[in-house]
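Asker: Please work out how this folds:
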Amino acid sequence: MTRDNSNEGGARGGSLLSEREVARQLNISEVTLQMWRYQGKGPPFVRLLRMIRYRPADLEAWLLVQEVFPARSTGAPAPLASRAGSKGAGRDRARAAS
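Answerer: Numbers count the residues shown, from 1 in each chain. Alright, predicted model coming up:
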C-alpha cells in the first residue's frame with residue numbers, strides 16, 4: 001500500500017492517504033473508518049469523485065483533538081462522606097442494626 005503522491009490535495013497540495021492507509025495507521029478496520037465518516041466522528045476527508053482520501057495534516061490535527069489527559073490522582077482514599085453515599089452502604093448499615 002503506497003501513498004498517492006499525485007497533487008490531488010487541491011490548493012494545499014501534497015500527498016493524500018487512502019482509506020486503507022489511514023485505517024492501518026489508526027489500527028482500526030476500514031469499515032470502522034467508514035462508519036466514523038458516515039456518523040461524522042472520524043477525521044476530515046476529501047472526496048475525489050468516488051474516492052475518499054485523507055490529508056496527513058488533517059489526520060494529525062484530528063488525532064491531537066482526540067487526545068485525553070487523565071485526571072491526576074493524589075493517591076489518597078476517598079473521604080468517608082463520599083463512601084457512605086455509595087450504593088450498598090445502606091444495606092451494610094441495615095445488616096449491622098439487625
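Asker: Quick check: end-to-end length of stretch 35-55?
Answerer: 19 Å (Cα to Cα, to the nearest Å).
Asker: Sketch out the low-pLDDT regions of the protein for me.
Answerer: Within the chain, the stretches with pLDDT under 70 are 1-14, 73-98.
Asker: all helices of it, in order?
Answerer: With DSSP state H, the ranges of helices along the chain come out as 19-26, 30-39, 56-66, 80-84, 89-97.
Asker: mind listing what's buried in the third one?
Answerer: Spelled out, that is helix 56-66. Going by neighbour count (16 or more other Cβ atoms under 10 Å), the buried part of helix 56-66 is Pro56, Asp58, Leu59, Trp62. Heads up, the C-betas are built off the backbone N, CA and C, glycines and all.
Asker: which one of those residues is nearest Phe69?
Answerer: Trp62 (16.9 Å; Cβ to Cβ).
Asker: what residues are up against the closest one?
Answerer: By Cβ atoms under 8 Å, 6 or more residues apart in numbering, the residues touching Trp62 are Gly42, Pro43, Pro44.
Asker: Just the buried ones from those residues?
Answerer: Listed as buried from the contacts of Trp62 are Gly42, Pro43; burial here means 16+ other Cβ under 10 Å.
Asker: need the contacts of Trp62 in JSON lines with distance to Arg20, can you?
Answerer: Shown next, in JSON lines, are the contacts of Trp62 (distance: Cβ to Cβ, whole Å):
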{"residue": "Gly42", "distance to Arg20": "14"}
{"residue": "Pro43", "distance to Arg20": "14"}
{"residue": "Pro44", "distance to Arg20": "17"}
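Asker: Tell me which of the contacts of Trp62 fall in strands.
Answerer: Helix and strand membership here follows DSSP state E; of the contacts of Trp62, not one is in strands.
Asker: Tell me the one of the contacts of Trp62 nearest Val22?
Answerer: Using Cβ to Cβ, the contacts of Trp62 come closest to Val22 at Pro43, 7.0 Å.
Asker: For that closest one, what are phi and psi?
Answerer: Backbone torsions of Pro43, given as degrees, to the nearest 10, read phi -70, psi 160.
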